[in-house]
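1. Turn this into a structure:
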Amino acid sequence: MERKDFLKLAGVAGIATMLPGAGHAEDHDHEDHPAPAAGSEGGCALVPSETAGPYPLDLSGNNTYFRTDIREEQAGVDHRVRLRILGNANCLPMVNCRVDIWHCNVGGYYSGYTTSAHEGSQNHVSERFLRGIQMTDANGEVEFLTKFPGWYPGRTCHIHFQVYLNSMLQVTSQLCYPTAAKNALLTSEEPYTTWGTDPLTPAQDGIFSNGYALQEATLAYNEATGEYDSFLEVAIQGEGEVNTGLLALEPETGGQFKLGQNFPNPYVGATVVPFSLKNTSDITIELFDMNGRKVAAVERKNLAPGDHQVRLDTVELDVPTANYVYQLSVINAHGTHRQCKMMTAAS
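-> Below is the predicted model:
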């Protein structure tokens with residue numbers, strides 16, 4: 001299928017998108033991050049919902065947003081943002097969630113709009129910088145390489161994000177940064193020094209004034225990479241790891257099949273994709289890399305109703321062991337239906 005059709009499947013009308021590089025499957029320094037706040041019933045507290053705007057776009061409508069590197073030609077310091085999505089019921093990772101992020105550039109301007117910030121009004125309607133989509137891996141994580149956002153009058157430095165589970169929007173929220181670390185960056189790194197210290201703390205920002213403990217990401221300079229790293233754990237409604245909270249709400253399958261998680265996952269070299277068919281069907285399993293490019297496909301004809309498994313071997317498919325989205329297309333007398341999930345490479 002065409003890449004644009006894949007992204008539609010991976011968007012609001014389908015299941016989701018993907019994740020960082022293959023070396024990201026391990027649990028990177030998770031012990032350094034505080035445990036998410038406990039909820040009233042012993043799980044994790046849900047991340048607060050916030051306004052999506054004023055500058056959201058339907059990212060699923062454009063396949064070019066499916067990417068890990070969203071910097072384009074924007075000025076500023078490189079900023080690696082990692083989000084881990086958890087189920088609030090048990091604080092375990094939520095796999096195969098689609099995560100959208102977007103934010104302003106160093107001058108306070110958003111792509112996709114004409115906006116006013118530090119240098120007056122600017123038209124960026126035809127641009128797409130600092131916007132992207134990924135899908136959570138076996139650790140419930142996504143990662144984006146971007147530029148650190150600037151501030152603009154009325155708002156502290158922030159990043160917008162949305163999380164979808166099985167096609168359903170679970171939360172629209174925003175993250176912010178520790179005041180001291182943020183201002184140290186803004187007053188020492190060009191071109192942020194042009195506007196300097198952020199005049200607002202999160203507590204003074206109207207969006208975060210009702211509390212931001214669950215939305216404050218870490219911020220630290222990484223000497224090894226020359227980037228600034230941020231991390232935030234985000235709890236959404238449901239149970240993590242199993243990821244069954246909304247499996248009944250998957251209209252893209254048309255009731256014709258159920259697609260399982262590949263196993264083992266994470267994998268090395270080879271993995272198996274399980275699925276079940278309601279009716280006799282032809283099927284195709286396609287692999288897409290982290291930039292939405294189709295790299296391999298496996299077909300099976302005239303499969304009977306019932307349970308099936310297809311083994312994917314990266315050597316036989318002539319592709320590297322890496323993170324991929326695998327998409328199952330089922331074709332029968334009832335039409336064509338598709339769904340996709342993430343397969344994670346072991347480090």
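2. For the rest of this, base every contact and every neighbour count on C-alpha atoms.
-> OK.
3. Go ahead and confirm Ile285 touches Glu299.
-> Yes. Counting by C-alpha atoms under 8 Å, Ile285 does reach Glu299; the two are 6.4 Å apart.
4. between the two, who's got more neighbours?
-> More crowded of Ile285 and Glu299, by other C-alpha atoms under 10 Å: Ile285, with 20 against 12.
5. What strands line up against the helix or strand hosting the more buried one, and which way round?
-> Following DSSP states H and E, one finds Ile285 within strand 281-288. When pairing is defined by DSSP bridges, strand 281-288 lines up against strand 294-303 (antiparallel), strand 324-332 (antiparallel).
6. Which positions in the helix or strand just after the shortest one come out as buried?
-> For strand 324-332, the following helix or strand on the C-terminal side (DSSP H and E) is strand 335-343. Of all the residues in strand 335-343, those buried under the rule 16 or more other C-alpha atoms under 10 Å are 336-343.
7. Leaving out sequence neighbours, find the closest residue to Tyr110.
-> On the basis of C-alpha to C-alpha, 6 or more residues apart in numbering, the spatially nearest residue to Tyr110 that is not a chain neighbour turns out to be Cys104, at 4.5 Å.
8. Now do Gly154 against Pro54, distance only.
-> The spacing between Gly154 and Pro54, counted by C-alpha to C-alpha, to the nearest Å, is 12 Å.
9. ok, the two, which is more surrounded?
-> Summary of the neighbour comparison: Gly154 and Pro54, criterion other C-alpha under 10 Å, with Gly154 having more neighbours (12 against 9).
10. Report whether the expected contact of that one with Asp205 is present.
-> Yes. Taking contact to mean C-alpha under 8 Å, the distance of 7.1 Å between Gly154 and Asp205 places them in contact.
11. Show the residue spans covered by the helices in this structure.
-> Remark: helices assigned in the chain by DSSP state H are 3-9, 179-186, 314-317.
12. list the buried ones in the last one?
-> Counting neighbours by 16+ other C-alpha under 10 Å, one finds that the buried residues in helix 314-317 are Thr314.
13. CA atoms of stretch 130-148 as PDB?
-> C-alpha atoms of stretch 130-148 as PDB (Å, rounded to 0.1, in the frame of the first residue of the first chain):
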ATOM      1  CA  LEU A 130       8.600  20.900  15.200                       C
ATOM      2  CA  ARG A 131       5.700  18.500  14.700                       C
ATOM      3  CA  GLY A 132       5.800  14.700  14.700                       C
ATOM      4  CA  ILE A 133       4.100  11.400  15.400                       C
ATOM      5  CA  GLN A 134       5.600   8.200  16.800                       C
ATOM      6  CA  MET A 135       4.300   4.900  18.400                       C
ATOM      7  CA  THR A 136       5.300   3.500  21.800                       C
ATOM      8  CA  ASP A 137       7.600   0.500  21.800                       C
ATOM      9  CA  ALA A 138       7.700  -2.500  24.200                       C
ATOM     10  CA  ASN A 139       8.800  -0.200  27.000                       C
ATOM     11  CA  GLY A 140       5.900   2.200  26.400                       C
ATOM     12  CA  GLU A 141       8.300   4.800  25.100                       C
ATOM     13  CA  VAL A 142       8.600   7.300  22.200                       C
ATOM     14  CA  GLU A 143      11.400   9.600  21.400                       C
ATOM     15  CA  PHE A 144      11.700  12.800  19.300                       C
ATOM     16  CA  LEU A 145      14.700  14.800  18.300                       C
ATOM     17  CA  THR A 146      13.700  18.400  18.200                       C
ATOM     18  CA  LYS A 147      14.900  21.900  19.100                       C
ATOM     19  CA  PHE A 148      14.300  23.300  22.600                       C
END
